[in-house]
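**Student:** What follows is a predicted structure for the sequence shown.
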Amino acid sequence: MRLHNAAVDFYDVSLKGSTHRLQIVKLDVDVGPLHLPALDKPTSIGLHGTLKGVQHDGVIAISGRLTPATRDAKIAAAFTGVDLIALQPSCSRSAKAASGAAGST
């Protein structure tokens with residue numbers, strides 16, 4: 001499977017009170033070969049795109065191999081110049097979940 005110069009919007013509706021949007025543009029994705037129907041052999045994954053930010057845009061790159069049937073994976077991810085403000089709502093929620101903190105009192 002191949003995507004070239006695509007755009008993807010992710011919406012996180014799990015945040016209380018609002019929906020958080022992350023947008024990736026100039027997205028190139030290569031996945032394959034897929035070993036159907038068992039999906040028991042490694043599949044190469046490559047992704048490169050621009051994460052739109054509040055103050056500036058950054059680049060994300062993901063590459064590696066995944067065996068869907070076993071969920072075995074070796075994945076590398078790089079984020080270059082990414083505007084962390086764009087990720088703040090999701091990161092704050094993840095940090096609270098990891099620490100076991102409940103909502104504000």
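**Tutor:** Great, that's in hand. Residues are numbered from 1 along each chain as shown.
**Student:** only C-alpha atoms for contact and neighbour calcs from this point on.
**Tutor:** Noted.
**Student:** Correct me if wrong: Asp83 contacts Thr50.
**Tutor:** No. Counting by Cα atoms under 8 Å, Asp83 stays clear of Thr50, with 10.8 Å between them.
**Student:** Buried residues in the biggest strand by length in the chain, which are they?
**Tutor:** Identified as the longest strand of the chain according to DSSP state E is strand 20-32. Within strand 20-32, the residues scored as buried using 16 or more other Cα atoms under 10 Å are His20, Ile24, Val25, Leu27, Asp28, Val29, Val31.
**Student:** can you tell me the helix or strand for the residue nearest to the third one when sequence neighbours are not counted?
**Tutor:** Meaning Val25. Using Cα to Cα, 6 or more residues apart in numbering and skipping residues adjacent in sequence, the residue nearest Val25 is Ala7, 4.3 Å away. According to DSSP states H and E, Ala7 maps onto strand 2-12.
**Student:** Asp83 and Thr50: who's more crowded?
**Tutor:** For Asp83 versus Thr50, the count of surrounding residues by other Cα atoms under 10 Å is larger for Thr50: 21 against 18.
**Student:** can you confirm the more buried one is in a strand?
**Tutor:** Yes. According to DSSP: H, G, I helix; E, B strand; the rest coil, Thr50 belongs to a strand.
**Student:** By mean pLDDT, which helix or strand of this structure comes out lowest?
**Tutor:** helix 84-99 (a mean of 67; mean pLDDT, DSSP states H and E).
**Student:** about what we covered before: got the contact list for the residue nearest to Val25?
**Tutor:** For Ala7, the contact set (Cα atoms under 8 Å, 6 or more residues apart in numbering) comprises Gln23, Ile24, Val25, Lys26, Leu27.
**Student:** same thing with Lys52?
**Tutor:** Neighbouring residues of Lys52 by Cα under 8 Å, 6+ apart: Leu22, Gln23, Ile24, Val25, Gly58, Asp83, Ala86.
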